[in-house]
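Enquirer: let's see this in three dimensions:
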Amino acid sequence: MRTPDELSEAGFRSLYRHLRDTAPGGGTRRGALDTISAEQVLAAVREVRSGRTVSLAAPVNTHAAPDDADPAEHRLTAPADGEPDPTGVQFARDRIAMNIHGDVNSHIDALCHVIYDGTLHGGIPAADALSPDGASALSIALARDGIVGRGVLLDIPQLHGVPWLEPGSQVTAEDLAAAEAGQGVRVGRGDILLVRVGHRRRRAELGAWDVADARAGLHPAAMEFLAEREVAVLGSDGNNDAAPSAAQGVAFPVHVLAIHAMGLHLLDYLRFEDLVPLCARDGRWSFLCVIAPLRLPAATGSPVNPLAIL
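Expert: Numbering: from 1, shown residues only. Next up, the predicted model:
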């Protein structure tokens, strides 16, 4: 892969302003979700051929690892001590707690997740919208009725003939366009764009590593491709952002551009390993996609288990 150019701070801010002012979700209350019309949902339903469903989420991680110092906690709360009575009726119960925005578990970012220059998406002052009780604006409740549309998977490692992109690799707009051409699909208005970088496969085969220092993701300039195609949602099997960052002074430039400037909900750390062989077998890389966040009225995101329906 060609190493794309680094963006200066001034260059990043120029790109930010351009996407904020031109992207279809920039500044609207629901962001880019407004690009999905009822007609597009019906068209996405017609993508279904076999009726097979595939989860795009990874199993919830409950073990500490180099990329997850704060794993989810799961424990049985009843029966006490795990010892059921030999007679009568009882109920097994459990409790789970998790850091929604970790670096392993699949989740969706709300539009209130990114604070940039003291504001949220649409210029809302962060100090007015965020408190210890949660977010009073732009929370994940915007997606409480679910996100349903045409999912499109672009497999960037396949494009380059490798099982995964090495940490630090940056996916460019040229990569996205070449993957489209190679896979015979075209990303369009209201689509849920899923970009595979192979993060999950690398982790499964080589083990976990500190992704804060190195991970594959999109180059900030690739967001122009999404703006031009009027994409509704962006997801990846990684963090969407690469590390090290290609933008000087901005650690998560894709998050800033996608969420803050363009109003895109992001899906981080998905898993595509069950979906890829089915798409390759059928020669079809688009499908009905259903995303149902939890009903968390004031949350900055949610655990999520998106479904591809083929």
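Enquirer: CA atoms for contacts and neighbours, from now on please.
Expert: Will do.
Enquirer: distance of the spatially most central residue of the chain relative to Cys279?
Expert: The residue lying closest to the centre of the chain (Cα atoms, centre = their mean) is Leu267, at 1.5 Å. To Cys279, Leu267 is 20 Å away according to Cα to Cα, to the nearest Å.
Enquirer: just to revisit the earlier point, can I get the helix or strand where the residue nearest to the centre of the chain lies in PDB? Just the C-alpha atoms.
Expert: Secondary structure from DSSP states H and E places Leu267 in strand 265-268. The C-alpha trace of strand 265-268 is given here as PDB (Å, rounded to 0.1, in the frame of the first residue of the first chain):
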ATOM      1  CA  HIS A 265     -22.700   7.300  13.600                       C
ATOM      2  CA  LEU A 266     -19.700   5.100  13.800                       C
ATOM      3  CA  LEU A 267     -19.600   1.300  14.300                       C
ATOM      4  CA  ASP A 268     -16.200   0.300  15.900                       C
END
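Enquirer: returning to that earlier point: show me what the residue nearest to the centre of the chain is bridged to.
Expert: Applying DSSP bridges to Leu267 gives these bridge partners: Ile108, Gly235.
Enquirer: quick one: contacts for it?
Expert: By Cα atoms under 8 Å, 6 or more residues apart in numbering, Leu267 lies in contact with Ser106, His107, Ile108, Asp109, Val233, Leu234, Gly235, Ser236.
Enquirer: what's around the third one, how many residues?
Expert: Applying the criterion other Cα atoms under 10 Å, we find 29 residues in the vicinity of Ile108.
Enquirer: got it, and the second one?
Expert: Residues contacting His107 under the criterion other Cα under 10 Å number 26.
Enquirer: any idea how far Thr62 lies from Arg75?
Expert: With distances taken as Cα to Cα, Thr62 is found 10 Å from Arg75.
Enquirer: higher neighbour count, the two?
Expert: A count of neighbours by other Cα under 10 Å puts Thr62 above the other of Thr62 and Arg75, at 17 against 10.
Enquirer: on that earlier part again, average pLDDT for the helix or strand just after the strand holding Leu267?
Expert: Next helix or strand after strand 265-268 toward the C-terminus (DSSP H and E): helix 275-282. For helix 275-282, the mean per-residue pLDDT is 97.
Enquirer: buried residues in helix 275-282?
Expert: Within helix 275-282, the residues scored as buried using 16 or more other Cα atoms under 10 Å are Leu275, Val276, Cys279.
Enquirer: looking at this, Ala178 is in a helix?
Expert: Yes: using DSSP: H, G, I helix; E, B strand; the rest coil, the assignment for Ala178 is a helix.
Enquirer: quick thing: my sequence starts at 432, can you match it?
Expert: Got it, the first residue is 432 from now on, which makes the last one we talked about Ala609.
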